[in-house]
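> The following block contains a protein sequence and its predicted model.
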Amino acid sequence: MSTTTSHTPGSEGPPRPVRLIQNEVTTEIPVHLLFRDEPEPVPLRPAVVGRREGTGEQPRLRRPAPAKACHAPQVDPALTERPARVLPGVVGVVTGACAVAGGLVTTWWAGVLPPLAVRAFGLPSYPDAGLGPAQWAAYAGAGVLGLFGFGGLARGRTGRAWVLGLFGHYRGTVRRTGLMWVNPLLLRRRVDVRLRHWRSEEMPAADASGVALRVAVLVVWRVRDTARATLAVADHERYLRECVEAALARVPVETPGRGSVDAAAERLTRLVAEDTTPVGIEVFSVRPSRVEYAPEVAAAMDRRRIAALDAQHRATVLTSVVDSVEDTVTRLTMRGLVELDDGERRALVKELTVAFCAGRGEAGAVS
């Protein structure tokens, strides 16, 4: 589009451009908002870039950029490890002993206790007694008491924890050691809370150039929150393995011959820790222990390595031959043994080069 100008004959100065759109209106931004010593919070509003009156065009607004999605797993905040209510083991032992004693007393009361036992304890006998409703009720009470007493006994070990639940609800975690009594109606799940290490099998990965690799990693981890590790995921060990595989797909790993694996280990540890912390797993280190080329590229990399070594060897041999020829010709001419013109010098250099190359070839073949 060309811009027409108006110029009056006899006027001085350059011509001024004439607006093609007479009703164009734009907004102005105050300069003092751009340069200030102390920034102040100013509410951001959509700014009108331009509007053309009478054309029906709507003002163009600046839309805010969409927020980045957070890929961290979301876990119920109320699902947090808390200590469970347990009793010392002596309570269960005493309760069970009372149940056994109650059963013996009921047997004596029913008159079915062996005579030898009656005479040994000096107890009176009940010849006319029998197993009536009262005796059966006493037997039932003693049995229930014995089940609660002996059935609730548990032995806690160092490095092991019990996650307790009742009808699908979390009731607490037991980290105590020794003999203790736990409500036998609660479902118990044993969790290993010791510091553990896991050496993975070979997993697919890639280096910075996109070459396929097979990497085995060593992961040092432990369960920090037993409630989340047991109830937030179906299998926390499998979840950890899948997080390691996902991190290897995002982080390039270099082979030991091409670079250090410390940077890759640091990034892998950070990514895996971010993914596993919400489910109660604490990761201390994720370090590649073995890095190899994938089978489909291992043969090609071997051929490239052999070709590079062969080229390096050829360059070394050529440099050595050139130095030997130059030294020989220089010594012959400086000592006055021969007088050579340019043609003779070129011929001598050619013959010496062929002789030295043939000699090095035979030496390499012999070795």
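It's in. Numbering: from 1, shown residues only.

> buried set for the one helix or strand Val325 maps to?
Using DSSP states H and E, Val325 maps to helix 295-334. Using 16 or more other C-beta atoms under 10 Å as the test for burial, helix 295-334 gives 321, 324-325, 329, 332. Using the backbone N, CA and C atoms, a C-beta is placed for each residue, glycine as well.

> quick one: contacts for Arg290?
Shown in contact with Arg290 (C-beta atoms under 8 Å, 6 or more residues apart in numbering): 202, 215-216.

> Which strands and helices lie in contact with the helix holding Val325?
Contacts defined by 3 or more C-beta pairs under 8 Å, 6 or more residues apart in numbering; DSSP states H and E place helix 295-334 against strand 212-223, helix 342-366.

> try it again with 6 Å
With contacts defined as 3 or more C-beta pairs under 6 Å, 6 or more residues apart in numbering; DSSP states H and E, the packing partners of helix 295-334 are helix 342-366.

> average pLDDT across the helix it packs on?
Helix 342-366 carries an average pLDDT of 68.

> How about stretch 223-242?
Per-residue pLDDT values over stretch 223-242 give a mean of 93.

> Does Arg190 lie in a helix or a strand, and which?
strand 187-192.

> Name the nearest residue to His236, ignoring sequence neighbours.
Distances taken as C-beta to C-beta, 6 or more residues apart in numbering place Ala229 nearest to His236, at 4.3 Å, with adjacent residues excluded.

> how much space between the one you found and Leu164?
Separation of Ala229 from Leu164 (C-beta to C-beta, to the nearest Å): 14 Å.

> Neighbour count for those two, which is higher?
Taking other C-beta atoms under 10 Å, Ala229 and Leu164 do not tie; Ala229 has more neighbours (27 against 21).

> I'd guessed the more buried one sits against Gly280; true?
Yes - Ala229 is within contact range of Gly280, at 4.0 Å (criterion: C-beta atoms under 6 Å).

> where along this protein do the helices fall?
Under the criterion DSSP state H, the chain contains helices at 89-110, 115-121, 133-151, 226-231, 236-250, 262-276, 295-334, 342-366.

> and among these, the most buried is which?
helix 226-231 (a mean of 24; mean count of other C-beta atoms under 10 Å).

> Check the gap between Thr316 and Val251 for me.
Thr316 is 38 Å from Val251, where distance means C-beta to C-beta.

> next one: Tyr170
Applying C-beta to C-beta, the value for Tyr170 to Val251 is 35 Å.

> Over to Gly103?
Separation of Gly103 from Val251 (C-beta to C-beta): 65 Å.

> and if you look at Leu213?
Counting by C-beta to C-beta, the gap from Leu213 to Val251 is 11 Å.

> and if you look at Arg214?
Applying C-beta to C-beta to Arg214 and Val251 gives a distance of 15 Å.

> okay, those two: which has more neighbours?
Using other C-beta under 10 Å, the more surrounded residue of Arg214 and Val251 is Val251, with 21 against 16.

> what sits against the more buried one?
Shown in contact with Val251 (C-beta atoms under 6 Å, 6 or more residues apart in numbering): 264, 267-268.

> Quick check: phi and psi on it?
Val251 adopts backbone torsions of phi -110, psi 120, taken as degrees, to the nearest 10.

> Identify the residue spatially nearest to it, adjacent ones excluded.
Val251 sits nearest to Arg267 (C-beta to C-beta, 6+ apart), 4.8 Å away.

> Same check on Val163?
Among residues not flanking Val163 along the chain, Arg189 sits closest, at 4.3 Å (C-beta to C-beta, 6+ apart).

> Might you list the low-confidence residue ranges for this protein?
Scanning the chain for pLDDT under 70 picks out the ranges 1-73, 113-130, 256-259, 298, 301, 337, 359-367.

> Spatially central residue in it, please.
The centroid of the chain falls nearest to Val272 when counting by C-alpha atoms, centre = their mean (1.8 Å).

> Is it correct that it is in contact with Val286?
Yes - contact criterion C-beta under 6 Å: Val272 and Val286 qualify, at 5.0 Å.

> quick one: the residue lying closest to Ala84 once chain neighbours are set aside from Thr277, how far?
Nearest non-adjacent residue to Ala84, counting by C-beta to C-beta, 6+ apart: Gly172, 2.7 Å away. To Thr277, Gly172 is 22 Å away according to C-beta to C-beta.

> Cross-check the contact I'm expecting between Gly102 and Ala142.
Yes - between Gly102 and Ala142 there is a contact at 3.8 Å, judged by C-beta under 6 Å.

> on that earlier part again, quick check: bridge partners of the residue nearest to Ala84?
Assessed by DSSP bridges, Gly172 has beta-bridge partners Leu164.

> contacting residues for it?
Neighbouring residues of Gly172 by C-beta under 6 Å, 6+ apart: 82-84, 164.

> of these, buried ones?
Listed as buried from the contacts of Gly172 are 84, 164; burial here means 16+ other C-beta under 10 Å.

> can you redo the contacts of Gly172 as TSV with distance to Trp221?
TSV is the format used below for the contacts of Gly172 (distance: C-beta to C-beta, whole Å):
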residue	distance to Trp221
Arg82	22
Pro83	23
Ala84	24
Leu164	24
